[in-house]
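**Student:** coordinates for the following, if possible.
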Amino acid sequence: MNLPNKLTILRMIMIPLFIALFFIDFKYHYYVAAGVFVLASFTDTLDGFIARKYNLITTMGKFLDPIADKMLVSSALIAVVAYCARLDLWIAITIAVFAMVILCRELMVSGFRIVASSKNIVLAADGLGKIKTVTQMCSLVLLIPAGDYLKGATGICLTCDIIFYIGYGLLAVATVLTVISGLNYILKNKGVLKDE
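**Tutor:** You can find the predicted model right below:
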């Protein structure tokens, strides 16, 4: 197993750690969870860079990398929805809708990949899909620690609100990119669905 694939597996291993740190209550646990999320997200950039630079792209990597991304983003989205439900009902509802759209798109693309693999075709993520993933991760980096800076001892501050709403806005943009990239992915590879 090469280094990029090991980094992808490390990202998958970090997901339960992120979830535990997010939900186990101790001082600044949301910030610590956000730190783990950032490290896990960084492994995504690093494994792709190493795989391309040293020509270490493998079928296993093409399979595992997008799954690891989906697992990480899905876990973070569900965690943020769970927390926001205690903060503000309407914000929680809109973030839940964003999460549903994102998760439905990911399930659709995963199903599409299963059909492709049954025909011995490996479909890698495209550029638009990568931009979508980066936007999702950036939004979540801002939203994950919201629990600490919105409930902190110093109270709610204008800067904290601004950071939260930037993350919220980025998640809305990521949701639009998710839909567009999903449609683009299907249309670009529609030949996979044709009967032989």
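
**Student:** for this protein, which element, helix or strand, carries the lowest mean pLDDT?
**Tutor:** Using mean pLDDT, DSSP states H and E, the weakest-scoring helix or strand in the chain turns out to be helix 146-151, at a mean of 66.

**Student:** show me what contacts Lys70?
**Tutor:** Glu106, Ser110 (Cβ atoms under 8 Å, 6 or more residues apart in numbering). In short, each C-beta sits where N, CA and C put it, glycine included.

**Student:** what residue ranges in this protein are flagged as low confidence?
**Tutor:** 124-125, 147-157, 196 (pLDDT under 70).

**Student:** ranges for the helices of it?
**Tutor:** 3-23, 29-53, 59-87, 89-118, 127-143, 146-151, 158-188 (DSSP state H).

**Student:** with distance to Lys194 added, can I get these in CSV?
**Tutor:** Below are the helices of the chain laid out as CSV (distance: least, Cβ to Cβ, whole Å):
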stretch, distance to Lys194
helix 3-23, 31
helix 29-53, 30
helix 59-87, 22
helix 89-118, 10
helix 127-143, 22
helix 146-151, 45
helix 158-188, 13
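
**Student:** out of these, nearest to Asp195?
**Tutor:** Closest to Asp195 of the helices of the chain, according to Cβ to Cβ: helix 89-118, at 11.0 Å.

**Student:** now the angle from the closest one to helix 158-188?
**Tutor:** Helix 89-118 runs at 30 degrees relative to helix 158-188, counting by axes from the mean of the first three to the mean of the last three Cα atoms, to 10 degrees.

**Student:** any idea how far helix 89-118 is from the chain center?
**Tutor:** Using Cα atoms, centre = their mean, to the nearest Å, the mean C-alpha position of helix 89-118 is found 11 Å from that of the whole chain.

**Student:** that helix - contacts with which helices or strands?
**Tutor:** When contacts are defined as 3 or more Cβ pairs under 8 Å, 6 or more residues apart in numbering; DSSP states H and E, helix 89-118 packs onto helix 59-87, helix 158-188.
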